[in-house]
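In: Curious how this folds, go ahead:
(2 chains)
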Amino acid sequence: MDFELTDDQVALCDGIRDLCQGRFDIDTVRGLANCGGVDGRLWGELADTGVFSLVVPEEEGGVGLGWAEAGLVFEQLGRALVPGPLVGTLLAARVTDDAVVGFIERTDGPALVEYPDVLNALLVIDREGVWRVDAAELSVEPAQSVDPLTPVGRVAELPQGEEVDGCYGWANRAVFLSSALQVGLATGARELAVAYAQERQQFGKPIGQFQAIKHKCADMYSREEVARAALYYAGCVMDATMGPGLPASPGDYLFFHGCTIDPGDVRGDHEQPDMVRAISGARILAAEAADHNGKDCVQIHGGMGFTWEIDARLYLKRAWALTPCFGSLDEHAERIAAMV
Amino acid sequence: MDIRFSAEEIAFRDELRDWLGEVLPTLGDPPDRDDWTARREWDMGWQRKLYDAGYAGINWPSEFGGRGSTPTEHLIFLEETTRMGAPYVGMNFVAQLHAGPTLILEATAEQQALHLPAMLKGEEVWCQGFSEPNAGSDLASLSTRAIRDGDHYVVTGQKIWTSFGHVADYCELLVRTDQEAPKHRGITWLICPMDLPGIEVRPITTVAGSSEFCEVFFDEVRIPVENRVGDENDGWRVAMVTFSFERGTAFISELLGTMNQLAEMAELARGIRRNGSTAWDDDEIRREIGHLQAEYDALWALTKRVVSQAQRTGMPGPGGSVFKLYYADVKKRMADLAHRMLERDALVLAEDVGDEQTGGDMVASRLYVLSLSIAAGTSEIQRNIIGERILGLPKER
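Out: Model (predicted):
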């Protein structure tokens, strides 16, 4: 056992971090709210770097890495607040050539689609499989998003689309990647809060010298570290369970012992239990860390934290936008409870 | 990152499992909580069995009689012993995890020869004389004084929170040897035999009603200078050195024991019937159990990260303070949940230690967990450590 990052994994994190600092500085990120959340040129750079083909096998032209690495990369993207349908575009890489791809569950009634103005395609998952819907087929009614960097629109009814895959594995992977973004958000919010606590002076000293603030920062760090451990563990379990790439059929999966595969199990509740438990655990801790750290970051900034000017809001709003993704936190807690 | 165990690690686990499978059924019932003679026999007897089987001093270097295992093997050892219900380190805690490692790193060859083999064989109980009534979180302000008189230090003062002080043979004792020097620079580390004249030990009764720890009074106790470990006035450094021996493994048994407890709680919840439904049917209770499991799984993953860092660098990562802070909080929430689930049954404490069926041990546990955010550095001190040493926030003083 060596549950530490390898040198290659450290280099991968550093590389993505450098890319984010160079291309997605905070002013650029804020500006992306004016163009639907995605700038074609910057998105292209992410794609060229291999961000979306990370888990596609090398023989198919991908980077050929595992889910653990995908988690590390998405953590860095979250830390830098990089917007866009990152999760859908990575998951879609093996089944479509589209550049900007959303991913959503088919439900009764109207659907809220993220980044509607910039999508080339939307992948829709239901009992029968995963379907590609061309963005041109979507009739979108604009809606105001809680997060300016996650624009949303209402679609009265999702078109059927063209089948690209079975439904197995997709939801759990989406939850994992979205959790990775949230661990990064928790880190970014903590870093912003700590920097402010070092610089802001009241009563003649930096506020970070007061235990009321220092201890809040320590709690932010603790939440983030515990969530990070859960995330990395989930990535390793996914790699041990499934290997890279997407499976062609349910037969490529390990399921609950003795469980009859339910073709309607869109959310993958019955996939390999160690993996499901690890992913749901990471989801709960990452979502809570991002939410709490976002709120603490606002609080530590005092009155300024409540303003549009300060970036604390961006971490918190993104955390909120990412949480409802293939099951609420209660549902994830239920999935784990069923295994205790 | 690789969470899989190597062939050697799996072989180590299999061999240990076989041995535990043979030896554990021969142990009989654990002693009564307040029968200290029997508890000493139980703990020391287990240590001797570990010694005879080659598992004593699992993380001690082999040149000092230990097994010299890697941090991962140590983790496996603690995982298997906890999983199979082997006795806990108990009153061997200070000797095995604190005083022993300190002697290995800092003591003279004579001191090592006198104590290390006896510690490994389960022949010496050690206790810790660090904290004082007026030196808790601010440990370096300790005032028990030692005055040099020829070949002896004459020690007068008071120590507190000394676990197993009433059954210990030796004490790792911090004393002030220089009143004038800055507080960290006037402290000396001594080996104090507990049978010297002038030592009085008074057990302290805890909120749980047990007496694991004591106050120890020193009235002109004459300790030979040859019992000093490290230089005079260098005791603070010696005391801190011990913590470098800690490789992220301190809470493994505790955490895994707690995870077993959560599984028992889930079992209990499925069985408790009230008004036609079970506690498990209560959405809030069921989800909180799932939530707690997620947090324990994450803490177990964090432990593996800290242990892996220790394996790579020789030093555990900063996860130790994070673990302690977070764990204390989660375990309190679990104890509160047990209370809510048990309703009026929560008025009753289990009669015997280790009674795991009635839920009564969960009530006792609700008291015990109060100590988790206090012992070995309060949660407030852990937050200072994280804030100042990891995040670089300015020191208060």
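
In: Might one say that residue A:300 is in contact with residue A:198?
Out: No - using CB atoms under 8 Å, residue A:300 is not in contact with residue A:198; the gap is 10.9 Å. C-betas here are computed from N, CA, C, even on glycine.

In: Residue B:389: how many residues sit nearby?
Out: Residue B:389 has 12 neighbours, counted by other CB atoms under 10 Å in any protein chain shown.

In: My assumption is that it lies in a helix; please confirm.
Out: Yes - secondary structure of residue B:389 (DSSP: H, G, I helix; E, B strand; the rest coil): part of a helix.

In: for stretch A:215-235, the distance to its chain's centre please.
Out: Its chain's C-alpha centre and that of stretch A:215-235 lie 16 Å apart, by CA atoms, centre = their mean, to the nearest Å.

In: Which positions within it qualify as buried?
Out: Within stretch A:215-235, the residues scored as buried using 16 or more other CB atoms under 10 Å in any protein chain shown are A:215-235.

In: now stretch B:30-40
Out: B:30-31, B:33, B:36, B:39-40.

In: next one: stretch B:191-211
Out: Buried-residue list, stretch B:191-211, by 16+ other CB under 10 Å: B:191-192, B:194, B:199, B:201, B:203, B:208, B:210-211.

In: what do you get for stretch B:268-281?
Out: Buried residues in stretch B:268-281 (16+ other CB under 10 Å): B:268-269, B:272, B:278-280.

In: Looking at residue A:300 and residue A:198 now, which is surrounded by more residues?
Out: Remark: of residue A:300 and residue A:198, residue A:300 carries more neighbours, 25 against 17, as counted by other CB under 10 Å.

In: residues touching the nearest residue to the more buried one once chain neighbours are set aside, list them.
Out: Distances taken as CB to CB, 6 or more residues apart in numbering or on different chains place residue A:193 nearest to residue A:300, at 4.5 Å, with adjacent residues excluded. Residues in contact with residue A:193 (CB atoms under 8 Å, 6 or more residues apart in numbering or on different chains) are A:216-217, A:220, A:293, A:296-297, A:300-301, A:312.

In: Could I get the residues you listed in CSV, plus columns for secondary structure?
Out: Below are those laid out as CSV (three-state DSSP):
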residue, secondary structure
A:216, helix
A:217, helix
A:220, helix
A:293, helix
A:296, helix
A:297, helix
A:300, helix
A:301, coil
A:312, helix
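
In: Return the member of these nearest to chain B.
Out: Nearest to chain B out of these is residue A:217 (CB to the nearest CB; 5.5 Å).

In: how much space between the closest one and residue B:365?
Out: Distance of residue A:217 to residue B:365, given as CB to CB, to the nearest Å: 31 Å.

In: again, but for residue B:62
Out: 38 Å.

In: Please spell out which residues along the longest helix seen in chain B are buried.
Out: Longest helix in chain B, counting residues (DSSP state H): helix B:283-313. By neighbour count on 16+ other CB under 10 Å, the buried set for helix B:283-313 is B:285-311.

In: Quick check: can you list the domain ranges of chain B?
Out: Here the domain parsing of chain B from automatic domain parsing is B:7-88, B:126-234, B:246-390.

In: got a markdown table for those domains, with mean pLDDT and distance to residue B:107 too?
Out: Shown next, in a markdown table, are the domains of chain B (pLDDT from 0 to 100; distance: least, CB to CB, whole Å):
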| stretch | mean pLDDT | distance to residue B:107 |
| --- | --- | --- |
| domain B:7-88 | 95 | 10 |
| domain B:126-234 | 96 | 5 |
| domain B:246-390 | 87 | 18 |
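
In: Compare those and give me the one nearest residue A:62.
Out: Comparing the domains of chain B by their distance to residue A:62 (CB to CB), the top pick is domain B:246-390, with 27.4 Å.

In: The closest one: how far from the chain's middle?
Out: In terms of CA atoms, centre = their mean, the centre of domain B:246-390 is set 15 Å apart from its chain centre.

In: right, is it up against chain A?
Out: Yes - for domain B:246-390, a contact with chain A is found by CB under 8 Å from any CB of the partner chain, at B:262-263, B:266, B:283, B:286-291, B:293-295, B:297-299, B:301-302, B:304-305, B:307-309, B:311-312, B:319, B:322, B:325-326, B:380, B:382-384, B:386-388, B:390.

In: Now do the SS call for the nearest residue to residue B:200 once chain neighbours are set aside.
Out: The spatial neighbour of residue B:200 that comes closest, neighbours along the chain excluded (CB to CB, 6+ apart), is residue B:217 at 4.4 Å. Look at residue B:217: counting by three-state DSSP, its state is strand.

In: Residue B:217 touches residue B:158, doesn't it?
Out: Yes - contact status for residue B:217 versus residue B:158: in contact at 5.3 Å, counting by CB under 8 Å.

In: buried ones in stretch A:143-160?
Out: Buried residues in stretch A:143-160, counted by 16+ other CB under 10 Å: A:145, A:147-153, A:155, A:158.

In: Next, the distance between the ends of it.
Out: 23 Å (CA to CA, to the nearest Å).

In: Ok, stretch A:63-70 next?
Out: Termini of stretch A:63-70 sit 11 Å apart (CA to CA).

In: what mean pLDDT does that stretch have?
Out: Mean pLDDT, computed over stretch A:63-70, is 94.

In: Please list the residues of the stretch 101-250 of chain A that sit near chain B.
Out: Checking the stretch 101-250 of chain A against chain B by CB under 8 Å from any CB, the hits are A:194, A:197-198, A:205-206, A:208-209, A:211, A:213-215, A:217-219, A:221-223, A:225-227, A:229-230, A:232-233, A:235-237, A:240.

In: Okay, and which of these map to helices?
Out: Using DSSP H, those in helices are A:194, A:197-198, A:211, A:213-215, A:217-219, A:221-223, A:225-227, A:229-230, A:232-233, A:235-237, A:240.

In: Which parts of chain B are helices?
Out: Remark: helices assigned in chain B by DSSP H are B:7-23, B:36-52, B:71-83, B:93-94, B:100-106, B:109-121, B:235-245, B:252-271, B:283-313, B:319-342, B:360-368, B:379-385.

In: how about those helices, which one is nearest residue A:11?
Out: Residue A:11 lies closest to helix B:283-313 among the helices of chain B, at 16.1 Å (CB to CB).

In: circling back: possible to save the domains of chain B as CSV with distance to residue A:180?
Out: CSV is the format used below for the domains of chain B (distance: least, CB to CB, whole Å):
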stretch, distance to residue A:180
domain B:7-88, 26
domain B:126-234, 37
domain B:246-390, 14
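
In: Tell me which of the ones you listed sits nearest to residue A:91.
Out: domain B:246-390 (23.5 Å).

In: And the residue of chain A positioned farthest from its centre, how far from chain B?
Out: Here chain A reaches farthest from its C-alpha mean at residue A:204, the gap being 40.7 Å by CA atoms, centre = their mean. Residue A:204 sits 12 Å away from chain B, going by CB to the nearest CB, to the nearest Å.

In: if I pick the residue positioned nearest the centre of chain B, what's in contact with it?
Out: For chain B, residue B:93 is the residue whose C-alpha lies nearest the centre (CA atoms, centre = their mean; 5.8 Å). Residues near residue B:93 by CB under 8 Å, 6+ apart: B:163-164.

In: would you list every one of the helices in the stretch 101-250 of chain A?
Out: Assigned by DSSP state H, counting those that start in this stretch, the helices in the stretch 101-250 of chain A fall at A:170-199, A:211-242.

In: quick one: the strands in chain A?
Out: A:101-105, A:111-114, A:121-126, A:129-134, A:140-143, A:152-155, A:162-165, A:201-202, A:205-206 (DSSP state E).

In: surely residue A:230 meets residue A:278?
Out: Yes - taking CB under 8 Å as the definition, residue A:230 is a contact partner of residue A:278 at 7.3 Å.
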